[in-house]
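A.B. asks: This is a predicted model, with the sequence first.
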Amino acid sequence: MTSEVHGHRTDELCAAGSELYARALRDGRVRGKEASAAPCLIQAGLLHPAIEEPDWLEPVAPTVALHRLLRDIEERVAEERRREERLAAAFEPMLRIADQRTAPGGSVIQAITSLSGIEQINAAIAEAIAGASEELLCIQPHANYYAPRGRQGQQGHAVALDRDQALLARGARIRTLYPHTLRHSPFVLDRYERLRGDAEARTLDQVTDRLILVDRTVAFIPADAERTLALEIRHPTLISFFATTFDRLWHLATPMYPEAVRLPVIDGFTPRQRAIARLLVEGHTDTAIADRLGLNVRTARAHIAKLAAQLGSESRAQLGYLIGQSGILEREAAP
């Protein structure tokens, strides 16, 4: 009863079959050749040859036919349940092996899953957050790390807001670290204007690459520069390391939301200029500086040019020397 005939299952009625069966019930029988357009009726046992006139087909009573079809469905459901039990029994020893290997001291590889593509990454993150009940810790070097641009990006932003608001509504908390350069980002500010609940944000000169830590049980980190690969990590030792790193960075960071603390301007140099000065002295390229500070390259170069003009530098080499002579970084570190 589960095979297919005439383009559909034998326990389903097509339009032609329904019409012919209804006519057979009204007239008491139909000619056998008419059933060629709806072979499902014979396959399903809804029509059978008349005893005295085999060229004619008589209908089975609807109550009898329905009971028979429902019984077939119940048998299939029961068989699927038995199949489910067999699969669970077959996988039980393998699940025990996996649990043992992901325990502290076990195999790290077994506790790491590779995620490929933005859709798969976002789906895994959404699934983890949907099951969370305590906290969501994030390090976000960019305002909208994985979402596409344009209308899709706006829709993704809305979905993420709904997801995070649902988490807050369950009594959980959200803590996010951004670079200082995103303190005035419209995207970031809009997010916190909309969220209602225990959500806080702080900023640093520089943050690590993206980290999402859910209930201190599962973490997500990027696995390539293009941000199309990510790792889902559930190893307790690695999770503890990520949580400790986040907590220490959080205590060093400057509050941004719900109450912002103004970043100090020292001798006319803004925190962004001091962060750029530090990276320039370390020898980083414009591209590396932009990436470390969450800027695009054009914006980073504009800030570098402004810093050079402020110090009176005429070359990159001279700029590094003047930064050292100015004492910008030493005064920043002083108590």
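C.D. replies: Looks like it came in fine. Residues are numbered from 1 along each chain as shown.
A.B. asks: Which of the residues in stretch 115-127 are classified as buried?
C.D. replies: Of the residues in stretch 115-127, Leu115, Ile118, Ile121, Asn122, Ala124, Ile125 count as buried by neighbour count, 16 or more other C-beta atoms under 10 Å. In this view, the C-beta of every residue, glycine as well, is placed from N, C-alpha and C.
A.B. asks: Can you add secondary structure and give the residues you listed back as a markdown table?
C.D. replies: Converted to a markdown table, the buried residues of stretch 115-127 look like this (DSSP: H, G, I helix; E, B strand; the rest coil):
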| residue | secondary structure |
| --- | --- |
| Leu115 | strand |
| Ile118 | helix |
| Ile121 | helix |
| Asn122 | helix |
| Ala124 | helix |
| Ile125 | helix |
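A.B. asks: ok, now how distant is the residue of the chain positioned farthest from its centre from Glu19?
C.D. replies: Within the chain, the residue lying farthest from the chain centre (C-alpha atoms, centre = their mean) is Glu52, at 66.8 Å. For Glu52, the distance to Glu19 equals 26 Å [C-beta to C-beta, to the nearest Å].
A.B. asks: In its sheet, which strands sit next to the host helix or strand of Glu232, and in what direction?
C.D. replies: With secondary structure defined by DSSP states H and E, Glu232 is part of strand 229-233. Under the criterion DSSP bridges, strand 229-233 sits next to strand 112-116 (antiparallel), strand 218-222 (antiparallel) in its sheet.
A.B. asks: on that earlier part again, need the phi and psi values for the residue farthest from the centre of the chain.
C.D. replies: phi -90, psi -20 (degrees, to the nearest 10).
A.B. asks: Next one, pLDDT for it please.
C.D. replies: Here the pLDDT value assigned to Glu52 is 77.
A.B. asks: Least reliable of the strands paired with strand 229-233 by average pLDDT, please.
C.D. replies: Confidence, taken as mean pLDDT, is least for strand 112-116 of the strands paired with strand 229-233 (a mean of 89).
A.B. asks: How far off centre is it?
C.D. replies: Computed by C-alpha atoms, centre = their mean, to the nearest Å, the chain-centroid distance of strand 112-116 equals 12 Å.
A.B. asks: Tell me, how many residues neighbour Gln206?
C.D. replies: With neighbours defined by other C-beta atoms under 10 Å, the count for Gln206 comes to 17.
A.B. asks: Could you do Glu232 as well?
C.D. replies: 21.
A.B. asks: Same check on the one 5 residues further on?
C.D. replies: Around Thr237 there are 12 other residues, counting by other C-beta under 10 Å.
A.B. asks: Report the inter-axis angle for the one helix or strand it maps to versus strand 218-222.
C.D. replies: Per DSSP H and E: Thr237 is located in helix 236-252. Here the directions of helix 236-252 and strand 218-222 differ by 70 degrees (axes from the mean of the first three to the mean of the last three C-alpha atoms, to 10 degrees).
A.B. asks: need the next SSE after helix 236-252, C-terminal direction.
C.D. replies: Moving toward the C-terminus from helix 236-252, the next element (DSSP H and E) is strand 254-257.
A.B. asks: what helices or strands is the helix or strand following that following strand leaning on?
C.D. replies: Next helix or strand after strand 254-257 toward the C-terminus (DSSP H and E): helix 271-281. The contact analysis (3 or more C-beta pairs under 8 Å, 6 or more residues apart in numbering; DSSP states H and E) places helix 271-281 against helix 286-293, helix 297-311, helix 316-326, helix 328-333.
A.B. asks: Only alpha carbons, please: show stretch 180-196 as CSV.
C.D. replies: Extracted C-alpha coordinates of stretch 180-196, given in CSV (Å, rounded to 0.1, in the frame of the first residue of the first chain):
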residue,chain,number,x,y,z
HIS,A,180,36.4,51.5,20.4
THR,A,181,35.9,52.4,16.7
LEU,A,182,32.3,51.0,16.9
ARG,A,183,31.2,53.1,19.9
HIS,A,184,29.2,55.4,17.5
SER,A,185,28.3,52.8,14.8
PRO,A,186,24.6,53.2,13.8
PHE,A,187,24.3,49.5,13.5
VAL,A,188,25.5,48.8,17.0
LEU,A,189,23.6,51.7,18.6
ASP,A,190,20.4,50.6,16.9
ARG,A,191,20.8,47.1,18.3
TYR,A,192,21.0,48.3,21.9
GLU,A,193,18.2,50.8,21.5
ARG,A,194,15.9,47.9,20.6
LEU,A,195,17.0,45.3,23.1
ARG,A,196,15.2,45.1,26.4
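A.B. asks: contacting residues around that stretch?
C.D. replies: Residues outside stretch 180-196 that contact it (C-beta atoms under 8 Å, 6 or more residues apart in numbering): 140, 142-144, 157, 161, 164-165, 168, 174, 178, 199, 201, 203-205, 254, 256-258, 260, 263, 271-272, 275, 293-295.
A.B. asks: Quick check: which ranges of the stretch 1-150 of the chain have low pLDDT?
C.D. replies: Along the stretch 1-150 of the chain, the model assigns pLDDT under 70 to residues 1-12, 97-110, 143-150.
A.B. asks: those helices in it, which residues are they?
C.D. replies: Assignment of helices within the stretch 1-150 of the chain using DSSP state H, counting those that start in this stretch yields the ranges 15-27, 40-43, 62-101, 118-130, 150-169.
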